[in-house]
Every structure is written in structure tokens, then in C-alpha cells.
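**Q** What would the 3D arrangement of this be:
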Amino acid sequence: MKSKTVKRPIAITTLATTMLGMSIVLICDRILNFYIYRLLESNVPLVDSNSINLQLVSNIAFLGFSIVPILLAIGLWYLKSWARFLSLCLFSSIMFPAIAASLNWISPPSADNMLEIPTVFDDVFSVDASVPTSRLIILNPYIALGCAIAIAILLTPAIIKAFRVQHISTNSEE
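**A** Got it, this is the predicted structure:
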């Protein structure tokens with residue numbers, strides 16, 4: 001039986017490449033943050049064995065979160081239906097809180113009540129320092145828009161068909 005070869009849609013190629021690139025940027029940011037944190041004298045870890053270094057725990061959590069889109073991007077690249085479904089879940093879980101924060105339906109974290117976790121991008125954006133909110137809060141509308149575009153791509157009927165045809169041709173070869 002002749003199997004159909006499915007050509008990957010350009011939108012999926014672009015989305016997977018973007019996801020991979022952004023994940024690499026986030027990973028580099030977290031690794032750089034580890035070194036910056038260690039070099040700052042004011043952030044010397046507590047010696048007390050009963051305490052937990054929240055900065056280190058936060059960096060590990062962000063590093064782990066940065067790896068998830070890499071796995072999804074690889075799955076999207078090979079037109080795996082599980083990657084499409086999980087990517088929809090990921091983008092939705094990021095988009096809705098970003099929309100809510102952009103519309104001031106939820107309040108952003110207060111710098112007075114949370115540990116300050118510096119990132120490479122913190123000093124790129126100039127925001128009024130007298131307001132006790134994250135300096136990256138201005139990115140929420142762009143994050144929401146990017147996620148909405150990714151969801152629209154993944155819900156396009158032609159894209160859905162490409163994933164279904166790939167799944168059917170894989171099953172018929174077995």
C-alpha cells in the first residue's frame with residue numbers, strides 16, 4: 001500500500017521553531033540567573049540546614065518549565081497529535097491569566113510581598129519603580145496575543161487535518 005507523505009504546514013514549522021527558540025532563551029536566562037545569584041554578595045545562601053533557598057527552588061522550577069515547550073515543539077515538528085493537544089493546553093493555561101492580568105481582573109504579584117527574582121529581561125524594560133509590581137507585567141498583553149495566535153494556528157482546520165492524516169498514515173503502515 002502506498003503511504004501518503006504529509007507535508008508539515010509552514011505555520012507548524014514556524015510555531016515549533018519559535019517554541020524551541022523561546023525555550024532556549026528561558027533556559028539561558030535561568031542558567032545566567034544561577035551565576036548572577038551566586039556572584040551577588042547580598043544573596044549568600046543561608047547556612048541554616050533547616051531553611052530552603054527559595055531562589056534556588058524557583059530557578060529549578062523555571063528551568064523545568066522551560067523544557068516542556070522543547071518537548072512539545074519536537075512533537076509538533078513530527079505532527080504528533082498528543083503534542084497538538086498538549087500545546088493547546090499549555091497556550092491556554094498561559095493565555096487566560098495573561099489576559100486577566102492585562103485587564104486588571106487579577107492583581108500582579110507585589111514586590112513587597114514576594115522574593116525579588118531577577119531575570120535577564122528585568123532591566124530591558126523601563127517601568128515606574130515606585131509601583132510595587134513586576135517590571136515584566138507590561139508583557140502580559142503580548143504574551144496573551146502570542147498564545148492566542150498559537151491557539152488559532154493549532155485550531156485551524158487545515159492544521160488539524162495535517163495532524164489527522166499523519167496519524168492515519170502512521171497507523172496504516174503498522
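**Q** Low-confidence ranges, this structure, go.
**A** Applying pLDDT under 70 to the chain flags the ranges 1-6, 37-55, 107-136, 166-174.
**Q** can you map out the helices along it?
**A** 10-39, 54-77, 81-102, 140-154, 157-173 (DSSP state H).
**Q** need the contact list for residue 164.
**A** Going by Cβ atoms under 8 Å, 6 or more residues apart in numbering, residue 164 touches residue 81. No exception for glycine: its C-beta is placed from N, CA and C like everyone else's.
**Q** Would you quantify the distance from it to residue 79?
**A** 9 Å (Cβ to Cβ, to the nearest Å).
**Q** List the residues that contact residue 84.
**A** Contact analysis of residue 84 by Cβ under 8 Å, 6+ apart lists 75-76, 154, 159-160, 163.
**Q** which of these sit farthest apart?
**A** Among the contacts of residue 84, the pair separated by the greatest distance (Cβ to Cβ) is 75 and 160, at 15.1 Å.
**Q** Looking at those two, which is more packed in?
**A** Taking other Cβ atoms under 10 Å, residue 75 and residue 160 do not tie; residue 75 has more neighbours (18 against 13).
**Q** nearest residue to the more buried one other than its sequence neighbours?
**A** Leaving aside its chain neighbours, residue 75 sits nearest to residue 83 (2.5 Å; criterion: Cβ to Cβ, 6 or more residues apart in numbering).
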